[in-house]
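Colleague: below are the sequence and a predicted model; questions follow.
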Amino acid sequence: MAAASAILLDAGGVLVFPEPDRVLPPMRAAGFTPDLATLERAHYRAMAVQDAAAAEPAAATWWRDYLLTYIAACGVPEARCEALAAQVHQGVRGHSWAHVGAGAIVGLRAVAALGLPMAVVSNSDGTVEGDLRRLGVCYAAGPRAPDRPPAELTGVKVGIVIDSAVVGVAKPDPAIFSIALDALGVPPSHAVLHVGDSLRYDVAGALAAGLQPVHMDPYGFCPAPDGHLHVRRLADLPSLLAA
């Protein structure tokens, strides 16, 4: 493929996932003990179910619908999913996406080693930049910041972290990508890659913005896999670009 000019990354499902210490207690109390790998897989199944739905999920019920399919993907019988979803919802409220995914740091470092302008573009609630910095995943320092970060910052330097709640526009609206690219000083084009876990929000949004979507799809759950690129791990992105 043509040389990339910039890389945009989603946060949830690419870098971070629901916090197991908040999700697991009610599930364990009910007799279900999924491991971390099962929890991550459940996230991708839940996203694929929403991607396949005929109607776009409503903002007010998105989290509830996500939890129902997430819990079902952990092996919980359908008849018990509703009650457990309500309990999990209470446990993770305000702490939803605070678990760094397996391989996320290694993959992010591999992507950063490409030396391209980078940004995080997330549909979130105003907390994503602080969470990613606190977790040591990445920090926003601007494209002209010094290579050596201040002592209190760890993780990978990115140009900017865009949070939909902060900027007032959310994926799949192409305007959210324009905000990120303006901050990076990179024009929108097919040479800009956006890596995300949702067909409905990330792939559709990137296409609407004239960018190249890359679907993070570790288990091949994508309900409409044609017409866009896929990776199973973030660390696979450099090889995809080299090909």
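Modeller: Cool, got the structure.
Colleague: CA atoms for contacts and neighbours, from now on please.
Modeller: Noted.
Colleague: mean pLDDT per helix and strand in the protein: which one sits at the bottom?
Modeller: helix 78-92 (a mean of 87; mean pLDDT, DSSP states H and E).
Colleague: what's opposite L9 in the beta bridge?
Modeller: V120, V195 (DSSP bridges).
Colleague: would you agree it is in contact with A119?
Modeller: Yes - in this structure, L9 is within contact of A119 by C-alpha atoms under 8 Å, at 6.3 Å.
Colleague: neighbour count winner among these two?
Modeller: A119 (28 against 24; other C-alpha atoms under 10 Å).
Colleague: list the contacts for that one?
Modeller: I7, L8, L9, A140, V158, G159, I160, V161, I162, A180, L184 (C-alpha atoms under 8 Å, 6 or more residues apart in numbering).
Colleague: of the residues you listed, closest to A52?
Modeller: Within these, the smallest distance to A52 is 21.9 Å, found for L9 (C-alpha to C-alpha).
Colleague: other SSEs contacting the least confident helix or strand of the chain?
Modeller: helix 20-29, helix 62-73 (3 or more C-alpha pairs under 8 Å, 6 or more residues apart in numbering; DSSP states H and E).
Colleague: domain assignment for the chain?
Modeller: Domain segmentation of the chain under automatic domain parsing yields 6-15+99-242, 19-92.
Colleague: which of those domains is buried the deepest?
Modeller: Stretch with highest mean neighbour count among the domains of the chain: domain 6-15+99-242 (a mean of 19; mean count of other C-alpha atoms under 10 Å).
Colleague: now do the end-to-end distance for that domain.
Modeller: Criterion C-alpha to C-alpha, to the nearest Å; first-to-last residue distance in domain 6-15+99-242 is 15 Å.
Colleague: where do the helices sit along the chain?
Modeller: Assigned by DSSP state H, the helices in the chain fall at 20-29, 36-52, 62-73, 78-92, 104-112, 128-134, 164-167, 175-184, 204-208, 237-242.
Colleague: and these, which one is worst for confidence?
Modeller: Mean pLDDT is lowest for helix 78-92 among the helices of the chain, at a mean of 87.
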